[in-house]
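> here is a sequence together with a model predicted from it:
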2 protein chains.
Amino acid sequence: MNIVGELINASRKKIRDDIKDKNYDVIARVAKDQFENGADFIDVNAGIFVGHEADYMKWLIQTVQENVDAPCCIDTPDPQVLEEAIKVHKGTPMLNSISLEKDRYDKMIPILKGTDMKVIALCMSDTGMPYTREDRMKIADQLINNLVQNNVKLENIYVDPLVQPIGSGDNLGMEFLNTVEEIHGKYEGIHTVCGLSNISFGIPSRKFMNQSFMIMAITKGLDSAIMNPMDQQMMANIIAAETLAGKDPFCEKYMNAYREGMFEFK
Amino acid sequence: MNIVGELINASRKKIRDDIKDKNYDVIARVAKDQFENGADFIDVNAGIFVGHEADYMKWLIQTVQENVDAPCCIDTPDPQVLEEAIKVHKGTPMLNSISLEKDRYDKMIPILKGTDMKVIALCMSDTGMPYTREDRMKIADQLINNLVQNNVKLENIYVDPLVQPIGSGDNLGMEFLNTVEEIHGKYEGIHTVCGLSNISFGIPSRKFMNQSFMIMAITKGLDSAIMNPMDQQMMANIIAAETLAGKDPFCEKYMNAYREGMFEFK
């Protein structure tokens, strides 16, 4: 599982003021905590600071990379912010995100074209949110083909089919999961990713629901997630599911996790 | 999920002596507990009492059915025991089990033929245990076709593709899960069933592993299980997974389970 640590995000109340005050030690600690708990990428988002987003974004990237040896996932819808951010980033970042929304797409493509950057490709278009697998696949196919035509390698594309709340429709979970499965069947080497907590929006015992849905998504092939790597129960579920899905030769990761006490909450 | 309560089984140390001593109150209580916690069928097994199996089996069936309004799952490899057991059973039982092993198959078919009994069809043949999806499907196809030719309805067939320990091979989990998916795709109205705890044989934190595997199996279509319905964590996992799999209109079962405190251990 490729884990994008989601905690350094200005939309989270807990971190907003620390970003605003450029509280170096806090950001450094949150970056380190996530990295030490398994994050492969550190998401950085300063979206709420309108007019100053680029400044905060650059500071976040520098702070993170001075403290952990991991690439950032640059989380902005603004191509200008992105361009400035890329300049200060060491190594190859992940971009979060491109979609089929024309405005966003047209400005992101020139930045991505021919580079080795990784990109999250959201299944969104100007006609709105997709609900069925078919609708998601239409957007995914078009996005993937366009990206490939612009010399973005399949293995650098992380398709996010968009999780919608199960409370809004009984089939929304399976429509998402079946899209994940179809994408992996159709495009060898591609990745799928999501921020899955939306599945439990409006429903009680959300953490439990989210953990179950993660296991289901891994069963269908999901290989990346935007999540909180400090959530030990979720991490334990991921390890068990990946072992059961045949992605853990000789159960080695599972056994290591067991020895480290990862399953002790059970 | 169709739940076959597995607790009244003479191979379990805890219950063996109660069966041997025909301890009516204990068997009645175990039957009631399972029924009240969601068992649709009560498995009865007296296999270790060689020479007296039929006698104990009949007593078990009568004891169970005097106390709960549920059919039994008559668990014996011996066709003679089965015939005697069926005579005392009220309503339509489930038979556990037929397989492609010639001896067993030849003697079970005349008992099943043209009846409305439900039957667990084990993916076993005289050539031994299957390991791949292909091997399982070969046996499943043959068994299903034979049963249908003998006037057993598809909706009365519960195929058990046989769970094997993940510790014996990294792919054994997915081979099982993909068989479940293929069977449901190929035979509309059929059921799949398993006793899934074998997946975690030889591995620590077994309960956690089993819970994760149950969620994965539901994702692939598993609709029945031989299990302990008193295991609240497992039952909670089943409820969440079925809701997420679109089998719980308006999240009604999930919400009821929440109100009953089913998720409180989390």
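Sure, I can see it.
> just checking, A:Pro93 touches A:Val119?
No. At 9.5 Å, A:Pro93 does not count as touching A:Val119 under the criterion of CB atoms under 8 Å. Using the backbone N, CA and C atoms, a C-beta is placed for each residue, glycine as well.
> where do the strands sit along chain A?
Using DSSP state E, the strands of chain A run over residues A:2-5, A:41-44, A:72-75, A:94-98, A:118-122, A:157-160, A:191-192, A:224-227.
> just so I know, which of the ones you listed lies nearest chain B?
strand A:191-192 (14.8 Å; CB to the nearest CB).
> adjacent strands (with direction) for the closest one?
Looking at strand A:191-192 with DSSP bridges, its partner strands are strand A:157-160 (parallel).
> tell me the residues of the stretch 51-200 of chain A that contact chain B?
Proximity of the stretch 51-200 of chain A to chain B is confined to A:Ile166, A:Gly167, A:Asp170, A:Asn171, A:Gly173, A:Met174, A:Leu177, A:Ile199 under the rule CB under 8 Å from any CB of the partner chain.
> most neighbours, which of those?
When neighbours are taken as other CB atoms under 10 Å in any protein chain shown, the top entry among those is A:Ile166 (28 neighbours).
> my guess is that one meets A:Met174, correct?
No. Assessed by CB under 8 Å, A:Ile166 is found out of contact with A:Met174, at 9.6 Å.
> find residues that contact each of the two.
Residues within reach of A:Ile166 and of A:Met174 at once, by CB atoms under 8 Å, 6 or more residues apart in numbering or on different chains, are B:Leu244.
> and for the residue lying closest to A:Ile218 once chain neighbours are set aside, the neighbour number?
Sequence neighbours aside, A:Ala241 is the residue nearest to A:Ile218 in space, at 4.1 Å (criterion: CB to CB, 6 or more residues apart in numbering or on different chains). Residues near A:Ala241, counting by other CB under 10 Å, number 26.
> what sits against A:Ala241?
A:Met214, A:Ile215, A:Ile218, A:Thr219, B:Ser212, B:Ile215, B:Met216.
> just give me the closest of those to A:Val44.
A:Met214 (23.2 Å; CB to CB).
> which residues does stretch A:30-39 contact?
A:3-5, A:7-8, A:15, A:42, A:63-64, A:67-70, A:228-230, A:235.
> meant to ask about stretch A:180-192
Contacts of stretch A:180-192 (CB under 8 Å, 6+ apart): A:2, A:133, A:137, A:140, A:144, A:154-155, A:157-161, A:217, A:220-224.
> and stretch A:194-206, by the same measure?
Residues contacting stretch A:194-206 (CB under 8 Å, 6+ apart): A:6, A:160-167, A:172-173, A:176, A:209-210, A:213-214, A:217, A:222, A:225-227, B:240, B:244, B:251, B:254-255, B:258, B:263, B:266.
> of those, keep whichever come out buried.
Buried by 16 or more other CB atoms under 10 Å in any protein chain shown: A:6, A:160-167, A:172-173, A:176, A:209-210, A:213-214, A:217, A:222, A:225-227, B:240, B:244, B:251, B:254, B:258, B:263, out of these.
> could you chop chain A up by domain?
Recorded structural domains for chain A (assignment: automatic domain parsing) are A:2-235, A:236-266.
> weakest of those in terms of mean pLDDT?
Mean pLDDT per stretch puts domain A:236-266 lowest among the domains of chain A, at a mean of 93.
> okay, buried residues for that one please.
Neighbour-count burial for domain A:236-266 [16+ other CB under 10 Å]: A:236-246, A:248, A:251, A:253-254, A:257-258, A:262-263.
> please apply the same query to stretch A:38-51.
A:Ala39, A:Asp40, A:Phe41, A:Ile42, A:Asp43, A:Val44, A:Asn45, A:Ala46, A:Gly47, A:Phe49.
> the third one touches A:Asn2, doesn't it?
This means A:Phe41. Yes. If you go by CB under 8 Å, A:Phe41 and A:Asn2 touch, sitting 7.3 Å apart.
> and the residue minimising distance to the centre of chain A, what does it touch?
Nearest to the mean C-alpha position of chain A, counting by CA atoms, centre = their mean, stands A:Ile226 at 3.2 Å. Residues in contact with A:Ile226 (CB under 8 Å, 6+ apart) are A:Val4, A:Glu6, A:Asp43, A:Cys73, A:Asn96, A:Val193, A:Cys194, A:Gly195.
> count of residues packed around the first one?
To tie it back to what came earlier, the one meant is A:Val4. Using other CB under 10 Å, A:Val4 has 26 neighbouring residues.
> pairing partners for it in the sheet, please.
Beta-bridge partners, per DSSP bridges, of A:Val4: A:Phe41, A:Ile226.
> B:Met216 is in contact with A:Thr219, correct?
Yes. With contact defined as CB under 8 Å, A:Thr219 counts as touching B:Met216 (4.4 Å).
> shared neighbours, those two?
Shared contacts of A:Thr219 and B:Met216, counting by CB under 8 Å, 6+ apart, come down to A:Ala241, A:Ala245, B:Leu177.
> distance of the second one from A:Tyr254?
Translated: A:Ala245. In this structure, A:Ala245 and A:Tyr254 are 11 Å apart, going by CB to CB, to the nearest Å.
> next: the first one.
When CB to CB is the yardstick, A:Ala241 and A:Tyr254 sit 10 Å from each other.
> pull the distance from the longest helix belonging to chain A to the chain's centre.
Criterion DSSP state H: the longest helix present in chain A is helix A:133-149. Mean-position distance between helix A:133-149 and its chain equals 18 Å (CA atoms, centre = their mean, to the nearest Å).
> which residues are in contact with it?
Residues outside helix A:133-149 that contact it (CB under 8 Å, 6+ apart): A:98-100, A:105, A:109, A:112, A:119, A:121, A:123-125, A:130, A:154, A:157, A:159, A:161-162, A:175-176, A:178-179, A:182-183, A:187, A:190.
> and the angle from that helix to strand A:94-98?
For helix A:133-149 against strand A:94-98, the angle by axes from the mean of the first three to the mean of the last three CA atoms, to 10 degrees is 130 degrees.
> buried residues in helix A:133-149?
By neighbour count with 16+ other CB under 10 Å, helix A:133-149 contains the buried residues A:Arg133, A:Asp135, A:Arg136, A:Met137, A:Lys138, A:Ile139, A:Ala140, A:Leu143, A:Ile144, A:Leu147.
> tell me the one among the residues you listed nearest to chain B.
Closest to chain B, out of all of these and judged by CB to the nearest CB, is A:Arg133, at 12.0 Å.
> would you map the helices across chain A?
A:13-20, A:24-36, A:53-67, A:79-88, A:102-112, A:133-149, A:172-186, A:206-219, A:232-244, A:252-259.
> once you drop chain neighbours, what's closest to A:Leu177?
A:Lys220 is the one closest to A:Leu177 (CB to CB, 6+ apart), at 4.6 Å.
> just give me the neighbour total for that neighbour.
Residues near A:Lys220, counting by other CB under 10 Å: 21.
> now it: how far from B:Asn178?
Distance from A:Lys220 to B:Asn178, by CB to CB: 12 Å.
> with A:Asn9 instead?
37 Å.
> can you check A:Ile203 too?
For A:Ile203, the distance to B:Asn178 (CB to CB) stands at 30 Å.
> one more: A:Val148?
Counting by CB to CB, the gap from A:Val148 to B:Asn178 is 29 Å.
> equivalent analysis for A:Cys251, please.
19 Å.
> and stretch A:113-128, which residues are buried?
A:Thr115, A:Met117, A:Lys118, A:Val119, A:Ile120, A:Ala121, A:Leu122, A:Cys123, A:Met124, A:Ser125.
> how about the buried residues of helix A:133-149, which pair is most distant?
Farthest pair in the buried residues of helix A:133-149, by CB to CB: A:Arg133 and A:Leu147, 20.3 Å.
> state the distance from A:Asp43 to A:Ile8.
6 Å.
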